[in-house]
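K.L.:
Need coordinates for the following:
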Amino acid sequence: MAKLKSIVEGEYEALKHILNTISVKPLYERYVDGEDEVAKKRMDKAVSNVGTLIQNMMDRRKHRLPEEHYDYEAKGDE
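P.N.:
As a prediction, this is how the structure comes out:
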């Protein structure tokens with residue numbers, strides 16, 4: 001088991017887990033009624049926007065990860 005070296009690393013791993021494992025299928029089942037293309041388009045855009053927000057939060061933490069972390073990027077390397 002790997003240990004976290006900082007709070008930032010924990011935040012990064014939590015965001016990565018959320019982005020990669022949480023299914024949005026229940027949202028579509030609840031808010032998109034079958035053939036409603038407008039509702040589907042809205043949900044597609046909403047899900048995309050939230051994914052972008054989470055990815056941006058992850059990207060802003062990469063330079064603060066421990067240098068040995070596999071996703072570490074020195075500031076300015078983006």
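
K.L.:
For the rest of this, base every contact and every neighbour count on C-alpha atoms.
P.N.:
Will do.

K.L.:
what are the ranges of the helices in the protein?
P.N.:
If DSSP state H is used as the criterion, the helices of the chain fall at 7-21, 25-31, 37-59.

K.L.:
Report the angle between the longest one and helix 7-21.
P.N.:
Orientation of helix 37-59 against helix 7-21 (axes from the mean of the first three to the mean of the last three Cα atoms, to 10 degrees) gives an angle of 150 degrees.

K.L.:
Now tell me what touches helix 37-59 from outside.
P.N.:
12, 15-16, 19, 24, 28, 31-33 (Cα atoms under 8 Å, 6 or more residues apart in numbering).

K.L.:
Out of these, which end up buried?
P.N.:
Listed as buried from these are 12, 19, 28, 32; burial here means 16 or more other Cα atoms under 10 Å.

K.L.:
Closest to Leu65 out of those?
P.N.:
Tyr12 (8.2 Å; Cα to Cα).

K.L.:
Quick check: the closest one touching Arg61?
P.N.:
Yes - between Tyr12 and Arg61 there is a contact under Cα atoms under 8 Å: 6.6 Å.

K.L.:
Low-confidence regions, this protein specifically.
P.N.:
Residue ranges of the chain with pLDDT under 70: 77-78.

K.L.:
can you rerun that using 80?
P.N.:
By pLDDT under 80, the low-scoring segments of the chain are 1, 76-78.

K.L.:
okay if I get the contacts of helix 37-59 as a markdown table plus distance to Val50?
P.N.:
Putting the contacts of helix 37-59 into a markdown table (distance: Cα to Cα, whole Å) gives the following:
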| residue | distance to Val50 |
| --- | --- |
| Tyr12 | 16 |
| Leu15 | 12 |
| Lys16 | 13 |
| Leu19 | 9 |
| Val24 | 11 |
| Tyr28 | 14 |
| Tyr31 | 16 |
| Val32 | 17 |
| Asp33 | 21 |
